[in-house]
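Student: No sequence on hand, only this structure:
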């Protein structure tokens, strides 16, 4: 660990014009002017001016679909107009994101003389009123070329019971990998969607998921909405086309099928199950904001720099969660990066590739704005999107770094593109000398941050990403996350780093190679 005195000097020197340029191995073949000139236009003072407005009480915590979030959108749009950056869409910075809020369901599930009330034994955000005379146990719910739980099994219109994990042989090897290494089916975040997707593909009407690691998480979310009196948002376009999905406790799972833990074999169980779970929905109007600097030589290749514009609104007793760090810091950083690129372009040194500045809504509700952009309405082809640099909380210091301030957590830089990771390291070494911490990049990290911010919706489409993050702190998702607690010198240096990284990606002769694409 570097000493504090050296780090403080490093901050003063960071991105200094006297520094050397990136090595020829990293730089593009044809050079434009030195980007440090424009990186230095990103300043503490301007970041602070933006953030004291954006994270003020006037914006009411920027909750998705609420008046404060609309004020945030207006502020961002006006900032781009003032900077002189054009909208991504013709004459329109706004991308409408139709959402739907499903109010917390009420009701029960009854079988074998037992009744489980929602919130006590099972949780979910779907409604279902139906009767079934069979339950189909499908083990791990896996269905791929190597292994399937659905062979010669008819689950159309039925309810299925699925457990977490993946099969092992008698030697303890995982069947899908053939080794002691787990596969994606053991990933507690990614595997849920895959299991439900398989059930939907086979026509299931409803799904029971029993997962000891995830059940407490979903139960906590359910209880949160119950206390708050709201519901769960989703994309309106998503509708209820898939099976109704319910997360159940081990107790309820054993009542349904006592041998589920020991048995991997699919089985049809004659079981009368009655669903009486009701809910109601409300349309929510929200929007992303997208601005564009068009590339000078490769205008149809795009780098997307993103941050989320929303936050969590007010507490139950009316206190405002200002969200200065989450993600006011990312929002104002994005505005400053955009202005730096615009100043370069105005002097004839604009980027070779196009840069999209994307502010997404509904991140706090489940990455909804970015999911709408990638899954429903990409404004440019995903196939021509070279990279996504996502900024979510870069203005504070987490408890681990009380002494050594000049750090930043990087997540995902090596997940899809070795070149992106190497470029990121080289840029930082040459320009800003921030200590990169890859703790949260570990696939086994229990926080699962790789799946918890907007970059993930790009990564799942095999678009190389970097997620920039300062870690959590005592003020995370609290009214005390205010603009006066931001470390503006760190915010300046971290923002300059992201500008330099975007610049290098935009200027290199060839687009980044995706050498680790997921299948």
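Tutor: Here it is on my side, so go on. Since we're looking at a predicted model, the values are computed, not measured.
Student: Let me know the secondary structure of the residue most central in space within the chain.
Tutor: The chain has residue 453 as the residue nearest its centroid, 2.1 Å off, counting by C-alpha atoms, centre = their mean. The three-state label given to residue 453 by DSSP: H, G, I helix; E, B strand; the rest coil is coil.
Student: so what's it scoring on pLDDT?
Tutor: As predicted, residue 453 sits at a pLDDT of 98.
Student: for residue 238, same thing?
Tutor: Per-residue pLDDT puts residue 238 at 52.
Student: which ones are touching residue 148?
Tutor: Residue 148 makes contact with residue 142 under the criterion C-beta atoms under 8 Å, 6 or more residues apart in numbering. In this view, the C-beta of every residue, glycine as well, is placed from N, C-alpha and C.
Student: Please read the previous query as pertaining to residue 499.
Tutor: Applying C-beta under 8 Å, 6+ apart, we find residue 499 in contact with 35, 38, 39, 42, 336, 337, 340, 341.
Student: so the closest residue to it other than its chain neighbours, which of the three states?
Tutor: Nearest in space to residue 499, with sequence neighbours left out and distances taken as C-beta to C-beta, 6 or more residues apart in numbering, is residue 337 at 4.8 Å. The three-state assignment at residue 337 reads helix, by three-state DSSP.
Student: can you pull the contacts of residue 337?
Tutor: Neighbour list for residue 337: 42, 305, 357, 495, 498, 499, 502 [criterion: C-beta under 8 Å, 6+ apart].
Student: Can you pick out the most distant pair from those residues?
Tutor: For those, the farthest-apart pair by C-beta to C-beta is 42 and 357; their separation is 13.7 Å.
Student: tell me the contacts of the nearest residue to residue 298 once chain neighbours are set aside?
Tutor: Sequence neighbours aside, residue 353 is the residue nearest to residue 298 in space, at 4.7 Å (criterion: C-beta to C-beta, 6+ apart). By C-beta under 8 Å, 6+ apart, the residues touching residue 353 are 295, 297, 298, 299, 301, 302, 303, 386, 505, 506, 507, 511.
Student: Quick one: buried ones out of these?
Tutor: The neighbour-count test (16 or more other C-beta atoms under 10 Å) applied to the contacts of residue 353 identifies 295, 298, 301, 302, 303, 386, 505, 506, 507, 511 as buried.
Student: In helices only, show me these.
Tutor: Under the assignment DSSP state H, the buried ones among the contacts of residue 353 contribute 505, 506, 507 to helices.
Student: Show me which residues of the host helix or strand of residue 74 are buried.
Tutor: Residue 74 belongs to helix 67-83 when assigned by DSSP states H and E. By neighbour count on 16+ other C-beta under 10 Å, the buried set for helix 67-83 is 68, 69, 70, 71, 72, 73, 75, 76, 77, 79, 80, 83.
Student: next one: the helix or strand following it to chain centre, how far?
Tutor: Using DSSP H and E, the helix or strand that follows helix 67-83 in sequence is strand 86-87. The chain centroid and the centroid of strand 86-87 are separated by 25 Å, computed with C-alpha atoms, centre = their mean, to the nearest Å.
Student: now do stretch 152-170
Tutor: In terms of C-alpha atoms, centre = their mean, the centre of stretch 152-170 is set 28 Å apart from its chain centre.
Student: ranges for the helices of the stretch 251-400 of the chain?
Tutor: Using DSSP state H, counting those that start in this stretch, the helices found in the stretch 251-400 of the chain span residues 330-346, 368-371.
Student: Distance of the residue of the chain most remote from its centre relative to residue 432?
Tutor: Using C-alpha atoms, centre = their mean, the residue of the chain lying farthest from its centre is residue 113. It sits 42.0 Å away. Residue 113 sits 66 Å away from residue 432, going by C-beta to C-beta, to the nearest Å.
Student: and if you look at residue 55?
Tutor: 24 Å.
Student: Which residues does stretch 358-365 contact?
Tutor: Contacts for stretch 358-365 (C-beta under 8 Å, 6+ apart): 63-64, 69, 73, 76, 97, 99, 232-233, 286-290, 304-312, 327, 331, 334, 368-370, 372-373, 392, 453-454.
Student: likewise stretch 375-387?
Tutor: By C-beta under 8 Å, 6+ apart, the residues outside stretch 375-387 that reach it are 88-89, 95, 235, 237, 290, 300-304, 353-354, 356, 373-374, 417, 420, 457-458, 461, 463-466, 505, 511-512.
Student: again with stretch 52-63
Tutor: Outside stretch 52-63, the residues within contact range by C-beta under 8 Å, 6+ apart are 66-69, 71-72, 75, 309-314, 320-324, 328, 331-332, 364, 481-483.
Student: What of stretch 457-466?
Tutor: With contacts defined as C-beta under 8 Å, 6+ apart, stretch 457-466 is touched by 304, 367, 370-371, 373-375, 382, 385-390, 410-413, 415-417, 420, 424, 450, 455-456, 501, 512, 514, 517-518.
Student: go with 7 Å
Tutor: For stretch 457-466, the external contacting residues (C-beta atoms under 7 Å, 6 or more residues apart in numbering) are 367, 370-371, 374, 382, 385, 387-390, 410, 412-413, 415-417, 420, 424, 455, 512, 514, 517-518.
Student: Which members of the residues you listed are classed as buried?
Tutor: In these, burial by neighbour count holds for 367, 370-371, 374, 385, 387-390, 410, 412-413, 415-417, 420, 424, 455, 512, 514, counting by 16+ other C-beta under 10 Å.
Student: ok so, going back, please compare residue 55 and residue 432 by neighbour count and tell me which comes out ahead.
Tutor: residue 55 (31 against 26; other C-beta atoms under 10 Å).
Student: State the pLDDT value of that one.
Tutor: pLDDT for residue 55: 98.
Student: and if you look at residue 137?
Tutor: You'll see residue 137 listed with a pLDDT of 98.
Student: Assumed residue 431 was part of a helix.
Tutor: Yes. Assessed by three-state DSSP, residue 431 belongs to a helix.
Student: quick one: it from residue 35, how far?
Tutor: 8 Å.
Student: now do residue 502
Tutor: 10 Å.
Student: Please look at residue 123 and residue 247 and confirm they touch.
Tutor: Yes. Assessed by C-beta atoms under 7 Å, residue 123 is found in contact with residue 247 at 5.3 Å.
Student: shared neighbours of these two, anything?
Tutor: Jointly contacting residue 123 and residue 247 under the rule C-beta under 7 Å, 6+ apart are residue 218.
Student: Stretch 151-162: how far from the chain's middle?
Tutor: Per C-alpha atoms, centre = their mean, the centroid offset for stretch 151-162 relative to its chain is 31 Å.
Student: who wins for proximity to residue 406 among the helices of the stretch 251-400 of the chain?
Tutor: helix 330-346 (16.4 Å).
Student: Report the rounded mean pLDDT for the closest one.
Tutor: Throughout helix 330-346, pLDDT has a mean value of 98.
Student: Repeat that for stretch 284-295.
Tutor: For stretch 284-295, the mean pLDDT works out to 98.
Student: how about that stretch: buried residues?
Tutor: Neighbour-count burial for stretch 284-295 flags 284, 286, 287, 288, 289, 290, 291, 292, 293, 294, 295 (criterion: 16+ other C-beta under 10 Å).
Student: Which strand residues bridge the fifth one?
Tutor: The partner list for residue 289 in beta bridges (DSSP bridges) reads residue 94, residue 359.
Student: Would you mind confirming that it makes contact with residue 96?
Tutor: No. The pair residue 289 and residue 96 does not pass the contact test of C-beta under 7 Å, sitting 11.1 Å apart.
Student: I'd like the average pLDDT over the host helix or strand of residue 423.
Tutor: In the assignment (DSSP H and E), residue 423 maps to helix 418-427. Here helix 418-427 scores 98 as its mean pLDDT.
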